[in-house]
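Student: Okay, predicted coordinates and the sequence, questions at the end:
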Amino acid sequence: MAGSLQGKTAVITGSTRGIGLGFARALAAQGCAIMLNGFGDTAAIEEIRAGLAAAFSVPVFHNDADMREPEAIVAMIADADDKLGKVDILINNAGIQHREPVETFPLEKWDEMLAVNLSAPFHAIRAVLPQMKARDWGRIINTASTNALVGTPELVCYTATKHAILGMTKVVALETIETGVTCNAICPGTVRTAMSEHRIDAFAKKRGVSKEAALDDYIARKQPYHQPMGRFITIEEIAAAAVYLCSDAGAAVRGAAFTVDGGWTAR
Ligand code: NAD
């Protein structure tokens, strides 16, 4: 059966693991050709690329552009044009995090996080918009966070970049409001990926128990505010939101902060 994104193409930044790889899998399952991006072991990335292509019978490529480098981002879009023929969907997903109080927050971490979490989406959007407008169809999704809507101590730069990307999302949505191009943000709650896993490790270590033994306690401690449902959000739940936003049914969703956070920001 043909998927809802048959014939479409997508560039997904930071898609060699975690939520980004979940986006790639879900879009490929709908028939979308994919340009992966992100770091990792070359052989492991090739295994992911070939595995997706074989599982879903779609073209899948990988571009190793570093999201800290504007020229590399523009070149990645050109590479996608070359290999996929066009870019219909852009998911700005690559993101980094560093926890530290404001007064000791390392300046180089501040600059790096601004580059990856905020400037990279700007450069990528700027590079793809002309072709999306010319075809009068496009989908731009920015992976934000619950930290786009609320603040978290020790996440000063992460919270600032995620709030800022909502502003960028709204402006791009308004500048394309009379076209078939949409721009939205997805705001996930806590998902178990490399980004969050180390916090669970630290939590278990502090208690001197195994990770599995610490998990229930970790979730319980985060209730009722951070995990009101009493569980993590799954990668599949986040990816399903992207499939909806990319579908024709999502055409009227413009400039939204689409929360998939188990109620974290509902309070
Ligand atoms: P992750 O660390 O598992 O994956 C990050 C991906 O980005 C990897 O593929 C990595 O190689 C890539 N990346 C990092 N720096 C890069 C750079 N300079 N250039 C190119 N690629 C780079 O993280 P994740 O949890 O999957 O996070 C993905 C997105 O979701 C991020 O924007 C993050 O802020 C957001 N998010 C995550 C959570 C969570 O709980 N995990 C919650 C809300 C939002």
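Tutor: Cool, the structure landed.

Student: all contacts plus neighbour counts: C-alpha atoms, from now on.
Tutor: Noted.

Student: the helices in the chain, which residues?
Tutor: For the chain, helices defined by DSSP state H occupy the ranges 18-29, 42-56, 70-84, 107-113, 120-135, 156-175, 194-207, 211-222, 235-246.

Student: Residue numbers of this protein in contact with the ligand?
Tutor: 14-20, 38-40, 65-68, 93-96, 116, 143-145, 188-196 (C-alpha under 6 Å from any ligand atom).

Student: Can you turn the buried subset of those into a selection I can paste into PyMOL?
Tutor: To isolate the buried members of these in PyMOL, using 16 or more other C-alpha atoms under 10 Å:
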select buried, resi 14+15+16+17+18+19+20+38+65+66+67+68+93+94+95+96+116+143+144+145+188+189+190+191+192
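
Student: What separation do you get for residue 139 and the ligand?
Tutor: 17 Å (C-alpha to the nearest ligand atom, to the nearest Å).

Student: and that residue, what does it touch?
Tutor: 88, 89, 90, 181, 182, 183, 245, 246 (C-alpha atoms under 8 Å, 6 or more residues apart in numbering).

Student: and which of those is nearest to residue 263?
Tutor: Of all the contacts of residue 139, residue 263 sits closest to residue 245, with 19.9 Å by C-alpha to C-alpha.

Student: Hmm, residue 254 and the closest one touching each other?
Tutor: No - the criterion here is C-alpha atoms under 8 Å, and residue 245 misses it with residue 254 at 9.4 Å.

Student: Give me the more crowded residue out of the two.
Tutor: Between residue 245 and residue 254, counted using other C-alpha atoms under 10 Å, residue 245 has the larger neighbour count: 24 against 20.

Student: longest single strand anywhere in the protein?
Tutor: Ranked by residue count, the top strand of the chain under DSSP state E comes out as strand 181-188.
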